[in-house]
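Asks: need a structure here:
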Amino acid sequence: MRLVLRCAITALALTIAATGLTTPAGAADTFGDVDADTWYSQPVAWLVSEGITTGTSPGCFSPSEQVTRGQIVTFLFRLDRARGLDPQPTDHPFTDVVRDYQQAPVGWAYAEGITTGTTSTSFAPDAPVTRGDFAVLLWRYAGRPTTTHAHPFTDVTRAYQQGAIAWMADAGITTGTSATTFTPDGAMTRAEAAAFFHRFMNEPIVVAVAAASTTEPVTCVAEYAALLAGVGLLPVEANCVAPFLTGLDLDTVAAILAGEHPIDSELISLLSDILSAGCIPTIDRQAALIRALL
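Replies: Numbers count the residues shown, from 1 in each chain. Here you go, the predicted structure:
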């Protein structure tokens, strides 16, 4: 039965290929991977409200993803702008900073003495920022404030991090990873960064606007794309197909891809829409999608 349907829909794909393509559209202003009851939901909502982040992809914030040095400096630059401080971009000496959106933030951070780079000509923008180095960057951004209180973290041993982490602890920005540890060498997640920035700004409250009862819940498209990539779709194909599947929960999509979900008219209609959208323009690649879904 599945073989018959695959043949029929392959024929449909040939027809669609001959009649032209359209492109699906969509947008998200909240994140499907940030649950309302998580410790970072309010910080992330605040970041969005201030224009500090737009997420990693439609509907996704990726809270567990590591933050890079280039990203964290961009967050600081946008935070400064959100505070009305009018950060001014300048030139920088770092030849490894190539992304357009990072040029102004890195130039500003260099001019303000927030960073001196990893060498005189490199910044390592794609390297994960550690918790200890983030503390130093935030401390420098804050004007290098002093405190008379020592921190309680026995694993903070580098001299250049002492003052920054003591200030963060005294200001209530961090309580460490335990009562006596800060984990300064641990890579920092996007959720942790959101929480630190939020506490730095004294935890402003973001009041959510009640959504209409007909509003569909926002989903993280990247989670669907990851499932599709797992069955052989190319990244560009998976990213295009994924938005069509967000009306289904992830468990259902996983069952479909595993061949454990019944083939029904809704699934066939969904596949027809995907093929019509032109996400997968060649017949051989369309056959791979058909095999994955049916």
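
Asks: so which bits of stretch 43-50 are buried?
Replies: Pro43, Val44, Ala45, Trp46, Leu47, Val48, Glu50 (16 or more other C-beta atoms under 10 Å). For every residue, glycine as well, the C-beta is placed using N, CA and C.

Asks: meant to ask about stretch 151-168, not that
Replies: Residues of stretch 151-168 classed as buried by neighbour count (16+ other C-beta under 10 Å): His151, Phe153, Val156, Gln161, Gln162, Gly163, Ala164, Ile165, Ala166, Trp167, Met168.

Asks: what strand or helix carries the last one?
Replies: Assigned by DSSP states H and E, Met168 belongs to helix 159-170.

Asks: CA atoms of that helix as CSV?
Replies: In CSV, the C-alpha atoms belonging to helix 159-170 read as follows (Å, rounded to 0.1, in the frame of the first residue of the first chain):
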residue,chain,number,x,y,z
ALA,A,159,43.3,36.7,39.0
TYR,A,160,41.6,38.7,36.2
GLN,A,161,38.2,37.1,36.9
GLN,A,162,38.2,37.7,40.7
GLY,A,163,36.8,41.2,40.8
ALA,A,164,34.3,40.6,38.1
ILE,A,165,32.8,37.5,39.7
ALA,A,166,32.8,39.0,43.2
TRP,A,167,30.9,41.9,41.8
MET,A,168,28.4,39.7,40.0
ALA,A,169,27.8,37.7,43.3
ASP,A,170,27.5,40.8,45.4
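
Asks: what comes into contact with it?
Replies: 132-133, 135-136, 138-140, 142, 144-147, 149-153, 156, 173-176, 182, 184, 196 (C-beta atoms under 8 Å, 6 or more residues apart in numbering).

Asks: repeat the analysis, applying 7 Å as the threshold.
Replies: With C-beta atoms under 7 Å, 6 or more residues apart in numbering as the test, helix 159-170 has contacts from 132, 135-136, 139, 145-147, 149-151, 153, 156, 174, 182, 184.

Asks: with stretch 107-117 instead?
Replies: 73, 76-77, 87-92, 94, 123, 137, 140-141.

Asks: try 6 Å this time
Replies: Residues from elsewhere that reach stretch 107-117 (C-beta atoms under 6 Å, 6 or more residues apart in numbering): Val73, Phe77, Pro87, Pro89, Thr90, Asp91, His92, Phe94, Phe123, Leu137, Arg140, Tyr141.

Asks: specify which member of those is nearest to Met188.
Replies: Relative to Met188, the closest of the contacts of stretch 107-117 is Leu137; by C-beta to C-beta it sits at 10.5 Å.

Asks: find the nearest non-adjacent residue to the closest one, please.
Replies: Excluding the flanking residues, the one nearest Leu137 by C-beta to C-beta, 6 or more residues apart in numbering is Ile114, at 5.9 Å.

Asks: Gln88 now?
Replies: Nearest non-adjacent residue to Gln88, counting by C-beta to C-beta, 6+ apart: Trp108, 6.4 Å away.

Asks: can I get the helix or strand that neighbour falls within in CSV, CA atoms only?
Replies: Using DSSP H and E, Trp108 sits in helix 100-111. In CSV, the C-alpha atoms belonging to helix 100-111 read as follows (Å, rounded to 0.1, in the frame of the first residue of the first chain):
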residue,chain,number,x,y,z
ASP,A,100,28.5,41.9,9.0
TYR,A,101,26.2,42.0,12.0
GLN,A,102,29.2,41.6,14.4
GLN,A,103,31.4,44.4,12.9
ALA,A,104,29.8,47.3,14.8
PRO,A,105,29.4,45.5,18.1
VAL,A,106,33.0,44.2,18.1
GLY,A,107,34.4,47.6,17.0
TRP,A,108,32.4,49.3,19.8
ALA,A,109,33.5,46.8,22.4
TYR,A,110,37.1,47.2,21.4
ALA,A,111,36.9,51.0,21.6
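
Asks: circling back: which of the buried residues of stretch 43-50 fall in helices?
Replies: Judged by DSSP state H, the buried residues of stretch 43-50 include Pro43, Val44, Ala45, Trp46, Leu47, Val48 as members of helices.

Asks: of these, closest to Arg99?
Replies: Of those, the one sitting nearest to Arg99 (C-beta to C-beta) turns out to be Leu47, at 19.6 Å.
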